[in-house]
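Enquirer: quick one, what's the 3D model for this:
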Amino acid sequence: MNKKILIPLVIVILLLAGGAAWLYISLNKQKEENKAMLELAALDKKEMENEYQQFANQYSEMKTQINNDSIVAQLTQEQERTQRLLKELKETKSSDAKEIARLKKELATVRAVLRSYVFQIDSLNRLNQNLTAENTRIKGQYEQANRQIEGLSSEKQSLSQQVAIAAQLDAININLTQLDKHQRATKKLKKAKALQVSFALAKNVTAASGNKTVYVRVNTPTGALLGGGGSFNYENRSLQCTMKRTVEYGGKETPMTLYYNINQALQGGTYRVSIFADGNMIGSKSFTLD
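Expert: Take a look at the predicted model:
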């Protein structure tokens, strides 16, 4: 065959082979990234299901500790609402970000309502204990009082578990801001030199005071984590984080701001910010960066 025809033909064949190999590698990489995103979404959905189920169970337990028919009816109504939301969550696909976000907001409302009932029932139980003690002292029925106190001890232990749930921290007003080289906000991702994550630990008088180490994870549109912040324990395994910071928390609303220096090329799309503290995910939110 004429060399003028053979050489260009060989070049074309080599280019086609190279292009096919590049396409195969790219497709495999995209497949792995999509798998990581789905696993992260499934993990978040499973945690939400567990919380909904736990709250529904707590309502059942609280109804056994109160004799007020009006409050029992209210607890039943909230329990049915919680179970309905749990059913909706189980029927929702992990990839349905809009519906998952709605049910996450509903979960925060359910937690707040449960917390209010814990306080209310705790107050009623305390009042009942005081009246019982007064009646016992007047009548001199010391042995009867001891039996009542022993009966209340198990209820107190159960209520302590409910208070532990109500004491969980919440991250509110979560924001993700792009900063340029002058530390000013910019809407252009290509100009961004750092990412600023700001939020506040919500007021919670039942939460334990003291130093709280807060961990922040930022996932890119491909599901990859912006790492470099170390690791922490979550659900019996170690997770990497983007940033972390320790703050003194005393039950009042506490604002926090953390920074991540960009050291890689970032692509536009939806970024997810997840916040953890005390072994719990206390908040998450997605942002679109261009």
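Enquirer: and the strands in the stretch 151-290 of the chain?
Expert: Along the stretch 151-290 of the chain, counting by DSSP state E, counting those that start in this stretch, strands occupy 171-179, 194-201, 210-219, 231-234, 237-240, 243-249, 254-261, 269-277, 280-289.
Enquirer: figure out which of the ones you listed is closest to residue 104.
Expert: For these, the distance to residue 104 is smallest for strand 280-289, at 7.3 Å, taking Cβ to Cβ. Placement of C-beta: from N, CA and C, glycine included.
Enquirer: summarise which helices and strands that closest one is packed against.
Expert: helix 3-63, helix 97-139, strand 171-179, strand 269-277 (3 or more Cβ pairs under 8 Å, 6 or more residues apart in numbering; DSSP states H and E).
Enquirer: now do 7 Å
Expert: strand 171-179, strand 269-277 (3 or more Cβ pairs under 7 Å, 6 or more residues apart in numbering; DSSP states H and E).
Enquirer: quick one: end-to-end length of stretch 60-67, please.
Expert: 13 Å (Cα to Cα, to the nearest Å).
Enquirer: got the buried residues for that stretch?
Expert: Neighbour counts over stretch 60-67 (16 or more other Cβ atoms under 10 Å) mark 62, 63, 65, 66 as buried.
Enquirer: how far off centre is it?
Expert: Relative to the centre of its chain, stretch 60-67 is centred 28 Å away, using Cα atoms, centre = their mean, to the nearest Å.
Enquirer: same question, stretch 107-126
Expert: Counting by Cα atoms, centre = their mean, stretch 107-126 comes out at 20 Å from the chain centroid.
Enquirer: what's next to that stretch, contact-wise?
Expert: Defining contact as Cβ atoms under 7 Å, 6 or more residues apart in numbering, one finds that stretch 107-126 is touched by 48, 51-52, 55, 58, 62, 65-66, 75, 78, 82, 85, 159, 162-163, 166, 170.
Enquirer: among the helices and strands packed on strand 280-289, which is nearest residue 253?
Expert: strand 171-179 (7.9 Å).
Enquirer: output that closest one as CSV, restricted to C-alpha atoms.
Expert: Output of strand 171-179 as CSV, limited to C-alpha atoms (Å, rounded to 0.1, in the frame of the first residue of the first chain):
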residue,chain,number,x,y,z
ALA,A,171,-27.0,24.2,63.7
ILE,A,172,-29.1,27.1,62.3
ASN,A,173,-28.7,29.9,59.7
ILE,A,174,-26.1,27.8,57.7
ASN,A,175,-24.4,29.8,54.9
LEU,A,176,-21.6,29.1,52.4
THR,A,177,-19.8,32.2,51.0
GLN,A,178,-17.0,32.4,48.4
LEU,A,179,-14.2,34.8,49.3
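Enquirer: and the angle from that strand to strand 280-289?
Expert: Orientation note: strand 171-179 sits at an angle of 40 degrees relative to strand 280-289 (axes from the mean of the first three to the mean of the last three Cα atoms, to 10 degrees).
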